[in-house]
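J.: below: sequence and its predicted model.
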Amino acid sequence: MGLQAYLTLAAIVFSIGLFGVITRRNTIGILLGIELMLNSVNINLVAFSRFSGEITGMVFAVFTICITVVEAALGLAIVILLFRVRRTVTADHLDLLKG
Amino acid sequence: MERPLATTRMPMVGDLTRDIGETVLTRFVLPFELLAVLMLAGLMSAIYFARPEE
């Protein structure tokens, strides 16, 4: 199984995440799509690192996992705040800045 | 110049986990520490925003 298989898997996972971000109305569903996209990036990093013999990609994947954790925590905190203020988590109803 | 993608994995000898840990703490120690500060700031912000109303 060559590198192409891992890259294809990462592309499919990224596409599923992107589809979820674009089509989901629930804010938490959008955050889940973002998580899928970030995981696909990790798959790419580890795959290239494994097939080239360099360890840098795996180290970078560890760093991106940490950043994903922080982004998810902040995103969920924002969702909680939004629910307290607007009593909804549907993205369609969050239009305060709309002209 | 064409560079086709690799089809075979290179042999990785040794303990990979040990190598990742040593690399993080020697060659990439500055990004590691900066990431620690970023995580601290981010998680403290998340706790502040999500704290219960008084």
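T.: Yes, it's here.

J.: around chain A, pick out the residues from chain B.
T.: Chain B comes close to chain A at residues B:5-10, B:12, B:16, B:19-20, B:23-24, B:28, B:31-32, B:35, B:38-39, B:42-43, B:45-47, B:49-50, B:53, as judged by CB under 8 Å from any CB of the partner chain. For glycine as for every other residue, the C-beta is placed from the backbone atoms N, C-alpha and C.

J.: setting the sequence-adjacent residues aside, check what's closest to the spatially most central residue of chain B.
T.: In chain B, the residue lying closest to the centroid (CA atoms, centre = their mean) is residue B:32, at 6.9 Å. Of all residues not flanking residue B:32 in the chain, residue B:24 sits nearest, at 5.4 Å (CB to CB, 6 or more residues apart in numbering or on different chains).

J.: and the helix or strand hosting that neighbour, how far out from the chain's middle?
T.: Here residue B:24, judged by DSSP states H and E, is contained in helix B:16-26. Distance, stretch centre to chain centre, for helix B:16-26: 11 Å (CA atoms, centre = their mean, to the nearest Å).

J.: who's in contact with that helix?
T.: For helix B:16-26, contacts defined as CB atoms under 8 Å, 6 or more residues apart in numbering or on different chains pick out A:55-56, A:58-59, A:62, B:32.

J.: which of the residues in that helix are classified as buried?
T.: Across helix B:16-26, burial judged by 16 or more other CB atoms under 10 Å in any protein chain shown covers B:20, B:23-24.

J.: so after it, what's the next helix or strand?
T.: Following helix B:16-26 in sequence order, the next helix or strand is helix B:29-49 (DSSP H and E).

J.: list of residues touching that next one?
T.: Residues from elsewhere that reach helix B:29-49 (CB under 8 Å, 6+ apart): A:63, A:66-67, A:69-71, A:73-74, A:76-78, A:80-81, B:24-25.

J.: for stretch A:40-58, same thing?
T.: A:2-3, A:6-7, A:9-11, A:13-14, A:17, A:60-61, A:64-65, B:5-6, B:8-10, B:12, B:16, B:19-20, B:23.
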